[in-house]
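**Student:** Could you work out the structure for the sequence below:
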Amino acid sequence: MRKAWLLLLGILLVSSAASAQVAAGQFPGAPGLPPAAPRDVQPKIGTARIRGRILAADTGQPLRKARVRAISPELRENRLTTTDRDGVYELIELPAGRYQLTASKGSFVQLQYGQTRPFEAGKPIEVADGQTLEKMNFSLPRGSLIVGRVIDEFGEPATDVQASALRYQFVQGRRQLVPPGRTVTTNDIGEYRVSGLPPGEYFLAASPRGMGFGGPGIASTTGHGGGTPTTTTTYSPGTADQAGAQAITVAAGAEVSNIVFMLQSVPAYRVSGIVVDENGAPIAHAMVMLMNDPRSGTMFIGPGGNAQTGDDGRFSIGDVTPGAYRLNASVPMMMPSGGGIGASSVATGGGSFTSWSISSGGVTTTSTVNATTQPQEVIVADADVKGVRVLARRPPTPQ
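**Tutor:** Here you go, the predicted model:
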């Protein structure tokens, strides 16, 4: 059951992050993972193929075990393969359609096919039934590297802290800090290594926040409130104010080291309320997620907090720092079902439902999730926020 809840949390994070993003193509060439396309439990079997080779741009040597991904949102396809010892890859049994092709490997910069400069859009490719596209090759440049440490207020290593290199980009007409690469976790000595970065100007951020729901039937009420100090997202050289963050410039393939900064503390407050359906009835065991409002200038780094409603539909989220947030609620539904493991999205007149299933110990559980009709805006200033009322639609009755 815990495995199922972790899978559902992942779906909710993708859904919440997507609401803060824009149409595909506005974050071109990010070196992190490409946006995941929804897919059926069983992939479609086609007759098209895509072949190519992945090389290191500086040496021309083949890159073995490089990852090549073909994504088609229209077809709900997300295929992945890896290169062999000669850097050769092949994607087989593809349905005909339009795909975005992406290649990545470790410390190299991730590229989309047809991309010539960092952060620009790649070129989608079309493949017909029975067609084989040859020589869809990539030359991956070596990425830049930022290395440093995060410490706490006592100068001790801050372990298991999430660190990310952010860069400014215009999103929906607003200049915001976005993470172009993957988020890493500090080790036992507080050290982080952010690799695979294209050359450019970055801002280092570290966040101590953990994720995870209490589990079925458990309302998350932990955390501080009432202005109790708590550690918060901190920007190098050591400020909780995004405006005070200092830029770090990295050249192509270069390493910038010894970027050390201390986690900062700010007053923490509590956000509490109730989740109800269209009839005003409380919804038990709804999953509530508090996300940073993208209009505040920072894109998704992690949830501002999360909780699960109790039997009375009420929730409480602690350790919320001052700022603007959006509150989402999702309603799970459990039922016995056959099938394997997977996830898919179904558009309806009243919103978008996501369903998934997972088998464990011979028992398959299927869940349908419906996000809040409209995210509830929450402003946290200098006091606990109480009495928030969140409207969520219950999932449709399974047929």
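
**Student:** mind listing what Asp84 touches?
**Tutor:** Arg64 (C-beta atoms under 8 Å, 6 or more residues apart in numbering). To be clear about C-beta, it is placed using only N, CA and C from the backbone, and glycine gets the same treatment.

**Student:** so what's it scoring on pLDDT?
**Tutor:** Confidence at Asp84, expressed as pLDDT, is 97.

**Student:** And Arg174, by the same measure?
**Tutor:** Reported pLDDT for Arg174: 79.

**Student:** how far away is it from Val266?
**Tutor:** Separation of Arg174 from Val266 (C-beta to C-beta, to the nearest Å) stands at 23 Å.

**Student:** again with Gly196
**Tutor:** Relative to Val266, and taking C-beta to C-beta, Gly196 is found at 31 Å.

**Student:** between those two, who's got more neighbours?
**Tutor:** A direct count of neighbours by other C-beta atoms under 10 Å for Gly196 and Val266 places Gly196 higher, at 23 against 17.

**Student:** For stretch 88-108, give the mean pLDDT please.
**Tutor:** Across stretch 88-108, the per-residue pLDDT values average to 95.

**Student:** Oh, that last question was meant for stretch 272-292, not what I typed.
**Tutor:** On average, stretch 272-292 scores 90.

**Student:** List the residue ranges of this protein that fall below the pLDDT cut-off.
**Tutor:** The model of the chain has pLDDT under 70 over residues 1-43, 209-222, 294-303, 333-374, 396-399.

**Student:** which residues of this structure fall in helices?
**Tutor:** 2-20 (DSSP state H).

**Student:** how does it divide into domains?
**Tutor:** 2-22+144-391, 48-140 (automatic domain parsing).

**Student:** the longest strand in this structure is where?
**Tutor:** Across the chain, the longest stretch assigned as strand under DSSP state E is strand 265-276.

**Student:** Roughly how far does the residue with the largest distance to the centre of the chain sit from Glu93?
**Tutor:** In terms of distance from the mean C-alpha position of the chain, Gly130 ranks first, at 34.8 Å (C-alpha atoms, centre = their mean). Taking C-beta to C-beta as the measure, Gly130 and Glu93 are separated by 11 Å.

**Student:** Look up the residues that both of the two are in contact with.
**Tutor:** 47-48.

**Student:** How much space separates the closest residue to Ala381 other than its chain neighbours from Gly304?
**Tutor:** Nearest non-adjacent residue to Ala381, counting by C-beta to C-beta, 6 or more residues apart in numbering: Pro322, 5.9 Å away. Look at Pro322 and Gly304: by C-beta to C-beta, they are 11 Å apart.

**Student:** Give me the more crowded residue out of these two.
**Tutor:** Gly304 (24 against 16).

**Student:** so that one touches Leu327, yeah?
**Tutor:** No. Counting by C-beta atoms under 8 Å, Gly304 stays clear of Leu327, with 9.1 Å between them.

**Student:** Can you pull the residues that touch both of these two?
**Tutor:** Contacts common to Gly304 and Leu327, judged by C-beta under 8 Å, 6+ apart, are 290-291.
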